[in-house]
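1. Provided below for reference: sequence and predicted model.
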Amino acid sequence: RRHNAVNAHVAILGDMISGAPHSVIAIENRENVIEQVMLAGEMLSGFLHELSMTFEHVYVSSVAGNHSRINPNKKDAVLGERLDILVGWHAKSELKHCENVEFGPFSETFNGTLDMMEIRGKAYLINHGDFDAFTEAGMAKLFSFLGFIPSAVVTAHKHTPAYMDVNGVVCIQSGC
């Protein structure tokens, strides 16, 4: 309201729950994995519903994080089997009556690992970052894989904030 914003763009960068990959974290969790999925789905749905009452349109882009893999071994894990995907699915199902909330279809193409937001004609790529190194070389490989160069990349995996410019593409690593 302070900035007279009309639309909200929400980027969900993964690790909404912690599952099998990190046994030390599993011991610290207050809820089991099923309870985490349900609670995260409810919280995300509630948050997006609140936004839907404030903005004309709410655009949601989501990727899954590595903490929600079903198989703890990264090499043996099936790419699309990450429980964060269920959290987004739950929110989408809960909010299907909200005509002004739109979930991006782009992530379905890449098994929940990549998504894209278009804001004022510019492409913003989001990914969790566990497959792509946050380095110039890592970003260049990502652009090559995609076949296009986005305006910006937003990633998370390392849990520390970072910024770099790769040949005019803004790359942001979220802190948490």
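-> Arrived safely.

2. looking at this, residue 117 is in a strand?
-> Yes - assigned with DSSP: H, G, I helix; E, B strand; the rest coil, residue 117 falls within a strand.

3. can you check the pLDDT for it?
-> Looking at residue 117, its pLDDT reads 91.

4. so it makes contact with residue 11?
-> Yes - Residue 117 is in contact with residue 11 according to Cβ atoms under 8 Å; the separation is 6.6 Å. From N, CA and C alone the C-beta is placed, and that goes for glycine too.

5. tell me the gap between the longest helix seen in the chain and the middle of its chain.
-> In terms of residue count, the longest helix belonging to the chain (DSSP state H) is helix 33-52. Chain-centre distance of helix 33-52: 14 Å, with Cα atoms, centre = their mean, to the nearest Å.

6. the helix or strand that that helix is followed by pairs with which strands, parallel or anti?
-> Where DSSP states H and E defines the elements, the next helix or strand beyond helix 33-52 is strand 57-62. The pairing partners recorded for strand 57-62 under DSSP bridges are strand 7-12 (parallel), strand 101-103 (parallel).

7. now render those strands as CSV, adding distance to residue 167, mean neighbour count and mean pLDDT.
-> Below are the strands paired with strand 57-62 laid out as CSV (distance: least, Cβ to Cβ, whole Å; neighbours: other Cβ atoms under 10 Å; pLDDT from 0 to 100):
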stretch, distance to residue 167, mean neighbour count, mean pLDDT
strand 7-12, 22, 18, 94
strand 101-103, 31, 20, 94
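
8. those strands into TSV, with extra columns for distance to residue 166?
-> Shown next, in TSV, are the strands paired with strand 57-62 (distance: least, Cβ to Cβ, whole Å):
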stretch	distance to residue 166
strand 7-12	19
strand 101-103	28
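
9. between the ones you listed, which one is nearest to residue 81?
-> Residue 81 lies closest to strand 7-12 among the strands paired with strand 57-62, at 17.7 Å (Cβ to Cβ).
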